[in-house]
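Peer 1: please work out how this folds:
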Amino acid sequence: MAVMTAKRPGAQARVRVKDVLLAAVVFLLSMVAVSIIHEQHRISIRWQAVVLVGTSSFALVWRRRHPFGVLVVAVACAVVLQSLGFREGPLGTSAVILSVYTVAACTDRRTTWTTACMSASVLVGAALVTDPRTWLSPDNAAMLAWTALPAAVGDGVRSRRAYVAAVEERAEHAERTREQEARQRVAAERMRIARELHDVVAHHIALINAQAGVAVHLVEQRPEHVLTALEGIRDVSQSALDELRATVSLLRQPDETAAPRDPTPGMGHVPDLLASFDRAGLAVKQTVSGDPQPLPPAADLAAYRIIQEALTNVRKHSGVDQARLDLSYLPNLLTITVQDDGPSQPTRSDPGKGHGLIGMRERAGTVGGRVQAGPRAEGGFTVIAELPLLSGTAEGEPASAGTDETASRGTAEEGRA
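Peer 2: Predicted structure coming up:
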């Protein structure tokens, strides 16, 4: 049962003073009501009335802590007053009225009306026992009304307090949720930008490094081809600068809905991507099965970046000059497979700091797909990505699918990240 209590010491003291003053007012009003003799038009104060009215009135000081106990005391005193022949009107039952109101304001609706009905039954029953001829008296009907009224008022007050508390709680929850969602959006945007920068920088720097190595080799063996290698470096670096400029420009746009001026790379740019790897010394054999279908914009970008990162890892870590790219179009699914014949567990000079495979999984997960990667039994490494061809997430696949790789593949994947 909820009991109305003040939380702060100062507020609790003020409430106690108000209750004492209220009890004094109720005592005076009740004494006037039970002391008036209407037939003789005079006031008669008897010690029994002073004791009973004082007990029921000043018990109201504890009504907030013990509402049921105070109600029992008030009803008991009212019954004794009736048995002694004191006439009670609404003022005479002020302690009962306030006690019923307190119970209604502190408890639930069923308890409120059960308590009010029991109190009215006891008071009316005591009046009938005292004088059986008064069962049709208007005073009995008034007793029922004056008991139901505080129950209705108290129930309304309790409902209003509960409504206000619920509104405040929803407002506080909305404020906390708004801040949490804002932090999540910021973190998601940071992860998205980090993936874009990683894919752009890692890919182009790997190509520049490979072509620079070719240029160094050609200086000694075939100087006449150095210019071609340097032109390749120039083209790749210019492409890297363009993509970095497009990515950074998104951060400077005040309106998130503003469209970027440069086209977003997608599956239509895969031939140019393969040509850039070919100039860097990695020949990629591409096969396509099924009927090519357009992807949603987000899945189109994810597919391109996954192919880019997988081939970049082949160029950086495998030490081979050939790779295979297979695109398999099913009715609702695109399967991307990138394979090479290099070592299954390549070594790294700085292990534990790669994010390539993590980024591929995150990209696939954002569009409802998944990525699996691991060494091949016959040697080499395989990356398999499955992306939905329809908008939204793939049916039956959670966004985090494909992340539970076995421990035996963890070492090899770390080297390819």
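Peer 1: alpha carbons only: can I get stretch 114-125 in PDB?
Peer 2: Output of stretch 114-125 as PDB, limited to C-alpha atoms (Å, rounded to 0.1, in the frame of the first residue of the first chain):
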ATOM      1  CA  THR A 114     -14.600  -1.500  -0.300                       C
ATOM      2  CA  THR A 115     -13.500   0.600   2.700                       C
ATOM      3  CA  ALA A 116     -16.000   3.300   2.000                       C
ATOM      4  CA  CYS A 117     -18.900   0.800   1.800                       C
ATOM      5  CA  MET A 118     -17.800  -1.000   5.000                       C
ATOM      6  CA  SER A 119     -17.500   2.400   6.900                       C
ATOM      7  CA  ALA A 120     -21.000   3.500   5.700                       C
ATOM      8  CA  SER A 121     -22.500   0.100   6.600                       C
ATOM      9  CA  VAL A 122     -21.000   0.200  10.100                       C
ATOM     10  CA  LEU A 123     -22.200   3.800  10.700                       C
ATOM     11  CA  VAL A 124     -25.700   3.200   9.300                       C
ATOM     12  CA  GLY A 125     -25.900  -0.100  11.100                       C
END
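Peer 1: what kind of secondary structure is D291 in?
Peer 2: Three-state assignment for D291 (DSSP: H, G, I helix; E, B strand; the rest coil): coil.
Peer 1: and the gap between it and S94?
Peer 2: 88 Å (CB to CB, to the nearest Å). Heads up, the C-betas are built off the backbone N, CA and C, glycines and all.
Peer 1: between these two, point out the one with more neighbours.
Peer 2: S94 (25 against 8; other CB atoms under 10 Å).
Peer 1: hmm, S30 and the more buried one touching each other?
Peer 2: Yes: with contact defined as CB atoms under 8 Å, S94 reaches S30; the gap is 5.4 Å.
Peer 1: show me whatever sits in contact with both of these two.
Peer 2: Residues touching both S94 and S30 (CB atoms under 8 Å, 6 or more residues apart in numbering) are S57.
Peer 1: let me see the backbone angles for the closest residue to A298 other than its chain neighbours.
Peer 2: In this structure, A298 finds its nearest non-sequential neighbour in V367, 5.0 Å apart by CB to CB, 6 or more residues apart in numbering. Here is the backbone geometry of V367 (degrees, to the nearest 10): phi -110, psi 10.
Peer 1: ok, V367 to P297 distance?
Peer 2: For V367, the distance to P297 - CB to CB - is 10 Å.
Peer 1: again, but for A76
Peer 2: For A76, the distance to P297 equals 78 Å [CB to CB].
Peer 1: perfect, I'm done here.
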